[in-house]
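Participant: sequence? don't have it. structure:
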């Protein structure tokens with residue numbers, strides 16, 4: 001199948017063209033989400049993800065990407081967006097809500113007189129300013145008296161250098177964000193040193209507690225996920241029996257399917273009745289994602305559930321019509337289950353015992369290299385905003401950059417719609433589909 005000949009694919013490309021997007025959460029010390037950094041890049045030039053025009057990239061964030069990435073985020077949640085020099089001087093930020101958006105000064109922006117003057121103007125308009133990638137360089141010190149937030153890149157610093165940099169910042173009235181926090185040890189260190197917020201992939205790494213077993217209600221939910229693996233094995237009776245073992249899930253499912261937006265002519269009186277009427281295709285995505293959300297209802301778990309749903313949908317869209325190791329449903333499961341160890345704080349080996357998956361799919365989830373591993377690598381590179389790696393893998397997989405980026409944005413919107421339309425408020429019921 002030629003992607004350029006597909007109406008769906010053409011519409012995606014024409015809508016989003018070559019925008020690459022990542023949405024990275026920023027946590028407080030209790031792992032509650034404080035904000036997000038939106039990372040968008042334009043990759044049309046030279047068919048690569050290299051940013052030849054940072055001003056154009058920032059414009060794409062505001063014009064094309066902001067509304068898509070913002071969907072589902074609460075108004076009080078902060079949003080950080082990178083601003084190069086010219087974007088600051090031209091006042092592009094004035095198109096955005098100052099009460100929510102924080103202007104993040106890129107590390108190559110210098111405190112020239114013009115820049116400092118514009119930064120002051122933005123602050124008078126209600127914007128907060130953040131300084132990106134601070135290493136203690138003297139040339140950036142003029143910003144320290146002005147900015148509200150300083151982000152310290154801890155990935156390539158020694159523990160001593162991190163402590164020294166954070167101590168220096170305590171002489172200024174600024175909030176400190178530790179960024180590129182890759183593991184729990186670094187999270188604990190930077191928290192101990194007094195950092196206020198934390199950004200990185202430490203929250204995706206499960207904290208394994210020796211001897212900790214999967215709880216019985218979690219086992220039921222894993223069995224429910226497995227019951228939805230293959231349409232040919234779909235049994236409404238068995239599925240309804242599993243759902244009915246969880247009162248919370250049963251209540252929310254009935255609330256969902258009885259909502260006007262579903263369009264059923266009569267009210268539903270039972271789980272079995274609902275499943276029979278709705279059918280496999282209409283209900284299985286909703287149940288899968290809701291079950292994942294139930295496995296860990298903390299802010300950390302909610303973010304991981306969102307990423308799991310987006311991963312699954314992204315891989316499903318991206319591989320449609322391609323000759324891959326798994327069909328599109330298998331690719332959806334690969335993405336959806338790829339963070340189960342972090343959601344459950346359990347080794348993936350223990351979780352796989354409760355999910356009798358096809359061997360290659362199980363091995364891929366276990367971290368063994370298979371022909372499908374490259375797809376998870378692509379997802380992770382996209383989430384990390386490692387655009388050079390993304391472009392390299394796109395070329396290796398013979399994908400179209402614009403289509404890949406469009407699928408990612410489409411998956412982001414899909415995950416937002418699915419997760420936030422299942423929140424049980426009366427106002428939301430009409431929007432459930």
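Facilitator: Received, thanks. Note that the structure is predicted; figures quoted are calculated from it, not measured.

Participant: hmm, which helix or strand of this protein has the shakiest average pLDDT?
Facilitator: In the chain, the helix or strand scored least confidently by mean pLDDT, DSSP states H and E is helix 426-429, which has a mean of 36.

Participant: can you give me the helices for the stretch 151-300 of the chain?
Facilitator: In the stretch 151-300 of the chain, the helices defined using DSSP state H, counting those that start in this stretch lie at 159-169, 184-192, 216-227, 236-243, 247-257, 271-278, 280-295, 299-318.

Participant: and these, which one's lowest on average pLDDT?
Facilitator: Lowest mean pLDDT of these: helix 247-257, a mean of 62.

Participant: And the average pLDDT for stretch 21-40 is what?
Facilitator: Rounded mean pLDDT across stretch 21-40 is 87.

Participant: Over to it now: how far is its first residue from its last?
Facilitator: 4 Å (C-alpha to C-alpha, to the nearest Å).

Participant: Same question for stretch 83-102.
Facilitator: Start-to-end, stretch 83-102 (C-alpha to C-alpha) is 10 Å.

Participant: Give me the buried positions along that stretch.
Facilitator: 83-85, 87-88, 92-93, 96, 100-102 (16 or more other C-beta atoms under 10 Å). All C-beta spots, glycine's among them, are computed from the backbone N, C-alpha and C.

Participant: what's in contact with it?
Facilitator: 35, 54-55, 57-59, 62, 66, 75-81, 103-106, 108-110, 114-115, 118-119, 121-122, 125-130, 148-149 (C-beta atoms under 8 Å, 6 or more residues apart in numbering).

Participant: Identify each of the strands in the chain and give its residue range.
Facilitator: 19-28, 33-42, 78-83, 101-105, 128-131, 149-153, 175-179, 197-199 (DSSP state E).

Participant: To residue 284, which of those strands lies closest?
Facilitator: strand 19-28 (25.4 Å; C-beta to C-beta).

Participant: Give the pairing partners of that closest one; include direction for each.
Facilitator: Using DSSP bridges, strand 19-28 pairs in its sheet with strand 33-42 (antiparallel), strand 197-199 (antiparallel).

Participant: wait, which of the ones you listed is closest to residue 337?
Facilitator: The nearest among those, by C-beta to C-beta, is strand 33-42 at 22.6 Å.

Participant: Just want the angle from that closest one to strand 175-179.
Facilitator: Interaxial angle, strand 33-42 versus strand 175-179 (axes from the mean of the first three to the mean of the last three C-alpha atoms, to 10 degrees): 60 degrees.

Participant: any idea of the angle strand 33-42 forms with strand 101-105?
Facilitator: 60 degrees.

Participant: Give me the angle between strand 33-42 and helix 299-318.
Facilitator: Using the same axes, to 10 degrees: strand 33-42 against helix 299-318 is 30 degrees.

Participant: now strand 33-42 and strand 78-83, what's the angle there?
Facilitator: 30 degrees.
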